[in-house]
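K.L.:
sharing a model prediction with you, sequence too.
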Amino acid sequence: MTNLSHLRRDFPILRREVEGHPVIFLDSAASAQKPIPVLDAMDRFYRSQYANVHRGAYRLSQEATELYEDARRRVARFINAGSPDEIIFTKGTTTALNGLSSSWGYDHLEAGDRIVLSMMEHHANVVPWQLVAKRTGAELVYVPLTTGYDIDLDALRSTIDSRVKIVSLTGMSNVLGTIPPMQQISDIVRAQSEAVLIVDGAQLVPHVEVDVQTLGADFLAFSAHKMLGPTGIGVLWGKPELLEEMEPWEGGGEMISTVDLYESTWAPVPQKFEAGTPPIAEAIGLAAAVHYLEEIGMNAIRSHDLDLTEYALHRLGEVPDLVQYGPTDIKSRGGVVSFTLGDVHPHDIATILDSRGISVRAGHHCAKPLMADLGVTATARASFHVYNGRDDVDALIEGLHEARSLFGLSEG
Amino acid sequence: MTNLSHLRRDFPILRREVEGHPVIFLDSAASAQKPIPVLDAMDRFYRSQYANVHRGAYRLSQEATELYEDARRRVARFINAGSPDEIIFTKGTTTALNGLSSSWGYDHLEAGDRIVLSMMEHHANVVPWQLVAKRTGAELVYVPLTTGYDIDLDALRSTIDSRVKIVSLTGMSNVLGTIPPMQQISDIVRAQSEAVLIVDGAQLVPHVEVDVQTLGADFLAFSAHKMLGPTGIGVLWGKPELLEEMEPWEGGGEMISTVDLYESTWAPVPQKFEAGTPPIAEAIGLAAAVHYLEEIGMNAIRSHDLDLTEYALHRLGEVPDLVQYGPTDIKSRGGVVSFTLGDVHPHDIATILDSRGISVRAGHHCAKPLMADLGVTATARASFHVYNGRDDVDALIEGLHEARSLFGLSEG
Amino acid sequence: MALDELYREVILDHYRNPRNRQPLGAPGAHADGHNPLCGDEISLDILVVDDTVTEVSIVGRGCSISQSSASMMSEAIKGKTRAEIAELTGRFKAMMDIDTEGDAGLDPDRPGSVLGDLEALQGVRKFPVRIKCANLAWTTLEEALGEAK
Amino acid sequence: MALDELYREVILDHYRNPRNRQPLGAPGAHADGHNPLCGDEISLDILVVDDTVTEVSIVGRGCSISQSSASMMSEAIKGKTRAEIAELTGRFKAMMDIDTEGDAGLDPDRPGSVLGDLEALQGVRKFPVRIKCANLAWTTLEEALGEAK
Ligand SMILES: Cc1ncc(COP(=O)(O)O)c(C=O)c1O
Ligand SMILES: Cc1ncc(COP(=O)(O)O)c(C=O)c1O
């Protein structure tokens, strides 16, 4: 068991009280809290080195540019990219996936082509593909889940053929916690098609060591705010030869080589994809978050998540009327647990827990197709990051017992 | 003359030294420095109230949502929008203009239609239109400048006709300082076409009181980082009936009403246009920046800019071999002065000034069409905000004299 | 926070045994209510005869607050005129308004003012995130009344 | 920062009177260099005969550093073999490398090492933003030499 409780002091928000209870934050899958080093890195930058990047021939701008490009290098190393040029800073996962769909998707899809998704995708990995499908005449195909809440590989095998041009899958479900076996999936996709494989890493990258050299994907998207970093920035990683060939999805300053009145040419990757003033302080904050995660060690984070998840599944199992949604095999899942509790609506669960200072999410978790598939309209969800401990799970369980009693659910 | 020198203490970066010289920041048109209240607002939020917005049934998320929506209200009031729903938070001006071009533009343009720009647009207001023109077969038409560096209204009159579907113009040139007479322009556009009028307010909004009820535009875009706010956020304002009709340019979480497997419907404006986790802390920082500007008063800022610009034009006029580019009528321009100095390349000017702690910009300023029109490849540019004073202009002039002497330019 | 002020007996009763779920006897005016943030849904049909709501049918899915509010509303509006319903709606919204001082909507001396069971929802005001849940049925009602014109 | 170490006489001379601007006598290999950030441009043609650069034509627009570096380079490479040019390029880049200790590229004892006028550019190293300007001609040269193969 990995004890990370010494890290709590790095998160000022945990010293706050809500209605007399200390904050117990169990909604990191929506967005994680930020440690002091991340906040300090941004604040320090604004106070002593701020300037716009890339365009200035003066000291401040040069320092800002170096810090911004250092951030790119640090993120590249974090996911073991071949080069910093493979890292594109975006507004977040959503923008990264929309950029991909409207550039790569629009340029490579035609009527009759197929885009393959799974039944457990976040709306960010559904709606952009609906939009490009509509524009191009391509078709969406959903791979179903097994009864064990994972992607059905047999169904995948029978779905992938030469009509499939894009396969876009979550690296870790934000509802079920499922971590699909991406290398196996990649093998199937490669063997049976020439499709590109896109991984929505919004939940995966903040929790599991990701090496893009072995992940088996062509593109990977993730957001800083879920990995202890700031809002306003995310990352699109892509294989260099694909980024090279891909058209920009936005035009403007910094992404051009020449601009004539009617035609322009593009700067090299990654500038080509970063039109306009980028999220500069945010990149520096993200770099600090990556550094913070690296200092803890992604392996330590993974075993901490596993420990908490195992404990939570165990304790939740003791609560009458509670139904869990997600794999029982702890190795193929992350620190996200979704559940319902008798006829206590998840929204009511959240309110009852909130009155004890406990933050959990309730609703469709931006995964309506999955909700329909599970036959529910909403679940309650607790999710963990480094600042959580078994005591938080205990508090959660106590709160659930109160919910049962407020709703008059009988014991046993 | 408006003396704002007491504000300098709010900007920590001005207490820094570069090579033994205090920082003299004359590149606010690229990006402005940030006062402590802006930095503190973001830091405080992260330390005590952070959570993702809109989706949480718990206290922290509710507080974050309120702060985020307060920011929208504050921005709405700042530009006198009819309702906060007319304010869409984007990554910046560039994203706002790209969103407009790929949504409104794509849906309303066909072969033979025309998009009218001016000769002094920033690449952010050129390249997106080139991209959508290519996709739709529409045509770009550039309105020339007068010898007084303003939009040629006669030429505009003879350009606007029923083929014109979009007119997109800068509210203030980032190179020349020109503030085109937007109401007059709007009258011409309305009288001669049914085109929408888009104003690139990246330079205008940070310096001049803008009232969208009288501006005469249908859409207005601007960036927080140029108005003393953080990076990573900007605004698209639009007339409500146009936003209502417009399709989203990104799909994902928070912008949907229903998501079925193959079809989705959209949330009401403005959520429809804010897919994914928005720049939350950045919105709060922007609100603090707006508050800071309002406390000073946009009128005071305008007269401070005018004073500095008048003084700068006067002092620059004394430097031999110096050529200025921009209107001489002070009333129709803002605090941006571009110039060349004999055969001293702007890049060399910037280096020489930098060694004195002075930050100016040198280059094409993301306005290559304008540079070609002016017959130069680059200019040097000094630009002001509230923390600048006449002493900064004096330091600039001294530096220019050193540049002349290093390059051996003879007096007179 | 006083959870027992929120989850009163009568609320849970309406949540678990929602009233007026049967379809209308004749085709009436329809409106759907939807809170995209928490997923609460309400489907409302009303029959308006001579300015009076003679029949109500309401079904939905969602949390105890949204569904009990819908159920209680369905009882409260049946047989009431448009004017009476407008009054009721105003009082209900006032009760939910965090900016209103005290129990403004609940003064039993004002004519026709008594909200009845609905007063049980006043605890919601202490849980601002949930006010939208309580109001959902009422906004949907306004839409349906508009339809019925 | 020592501005007079940067703006030496010889640099300004090459900036104002760039050498080797005349077109080639015969068609050779061409490359364009461009620094999108500051707008510096260089257009380079070389004639390579038997592994030796016999003719150079170089025109451009930009700052004193990029243009003087181009002009000085054009003088330095004329008549040199590919191997000699590779050596020279290595030395120049070493001189520009902020991570290199001392004057690594400038040891006059190493055969063929003397950079001549080009040594005037060593002041650039103290102005990291400008290193790209100094290097532009050399990267363009490598491209042209590749073309000439
Ligand atoms: C006139 C003008 N338009 C657009 C932009 C682009 O703004 P941003 O880089 O914040 O997207 C700028 C600033 O660079 C500008 O000066
Ligand atoms: C699996 C998954 N994909 C995509 C997203 C969208 O990320 P963002 O909102 O940062 O763009 C999220 C987070 O909400 C997520 O959990």
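P.N.:
Perfect, thanks for sending it. None of these values were measured; they are calculated from a predicted model. Ligands and ions are numbered 1, 2, ... in the order given.
K.L.:
going by C-alpha atoms from here, please, whenever you check contacts or count neighbours.
P.N.:
Fine.
K.L.:
nearest spatial neighbour of the residue of the stretch 101-250 of chain A found nearest chain D, skipping sequence neighbours?
P.N.:
Relative to chain D, the nearest point of the stretch 101-250 of chain A is A:Pro248 (17.0 Å; Cα to the nearest Cα). In space, and not counting its chain neighbours, A:Pro248 is closest to A:Phe273: 5.3 Å by Cα to Cα, 6 or more residues apart in numbering or on different chains.
K.L.:
OK, contacts around the one you found?
P.N.:
Neighbour list for A:Phe273: A:Ile88, A:Pro248, A:Trp249, A:Glu250, A:Met255 [criterion: Cα atoms under 8 Å, 6 or more residues apart in numbering or on different chains].
K.L.:
thinking again about what came up before, in terms of contact, does the residue of the stretch 101-250 of chain A closest to chain D touch A:Ser103 like I think?
P.N.:
Yes. Proximity of A:Pro248 to A:Ser103 meets the contact threshold set by Cα atoms under 8 Å, at 6.6 Å.
K.L.:
one step back: wait, which of the contacts of A:Phe273 is closest to A:Pro346?
P.N.:
Checking those against A:Pro346 with Cα to Cα, the nearest one is A:Ile88 at 37.2 Å.
K.L.:
hmm, B:Gln130 and A:Glu263 touching each other?
P.N.:
Yes. Using Cα under 8 Å, A:Glu263 is in contact with B:Gln130, at 6.7 Å.
K.L.:
and A:Leu7, what's its pLDDT?
P.N.:
At A:Leu7, the model reports a pLDDT of 97.
K.L.:
just say helix, strand or coil for the closest residue to A:Pro278 other than its chain neighbours.
P.N.:
Excluding its sequence neighbours, the residue lying closest to A:Pro278 (Cα to Cα, 6+ apart) is B:Gly232, at 6.5 Å. Under DSSP: H, G, I helix; E, B strand; the rest coil, B:Gly232 falls in the coil class.
K.L.:
could you measure B:Gly232 against B:Asn299, distance?
P.N.:
Using Cα to Cα, to the nearest Å, B:Gly232 is found at 27 Å from B:Asn299.
K.L.:
which one's more surrounded, these two?
P.N.:
Ranked by neighbour count (other Cα atoms under 10 Å in any protein chain shown), B:Gly232 and B:Asn299 place B:Gly232 first, with 30 against 15.
K.L.:
tell me the contacts of the more buried one?
P.N.:
Neighbouring residues of B:Gly232 by Cα under 8 Å, 6+ apart: A:91, A:232-233, A:277-280, A:282, B:91-92, B:224-225, B:279, B:282.
K.L.:
in contact with the one residue in the stretch 51-200 of chain A that gets nearest to chain C, which residues?
P.N.:
Nearest to chain C, among the residues of the stretch 51-200 of chain A, is A:His123, at 13.2 Å (Cα to the nearest Cα). Taking Cα under 8 Å, 6+ apart, we find A:His123 in contact with A:Cys366, A:Ala367, A:Lys368, B:Gly251, B:Gly252, B:Gly253, B:Val259.
K.L.:
determine which two of those are furthest apart.
P.N.:
Taking Cα to Cα as the measure, the contacts of A:His123 have their most distant pair in A:Lys368 and B:Gly251, spaced 14.0 Å apart.
K.L.:
for C:Pro36, see how far away the closest residue to ligand 2 within the stretch 301-412 of chain A is.
P.N.:
Going by Cα to the nearest ligand atom, ligand 2 is nearest to A:Cys366 of the stretch 301-412 of chain A, at 7.2 Å. Distance of A:Cys366 to C:Pro36, computed by Cα to Cα: 10 Å.
K.L.:
A:Ala133 now?
P.N.:
Distance of A:Ala133 to C:Pro36, given as Cα to Cα: 24 Å.
K.L.:
A:Ala395 falls within a helix, correct?
P.N.:
Yes. Checked against three-state DSSP, A:Ala395 lies within a helix.
K.L.:
quick one on the thing from earlier: so A:Ala133 and C:Pro36 - more neighbours on which side?
P.N.:
Between A:Ala133 and C:Pro36, counted using other Cα under 10 Å, A:Ala133 has the larger neighbour count: 24 against 19.
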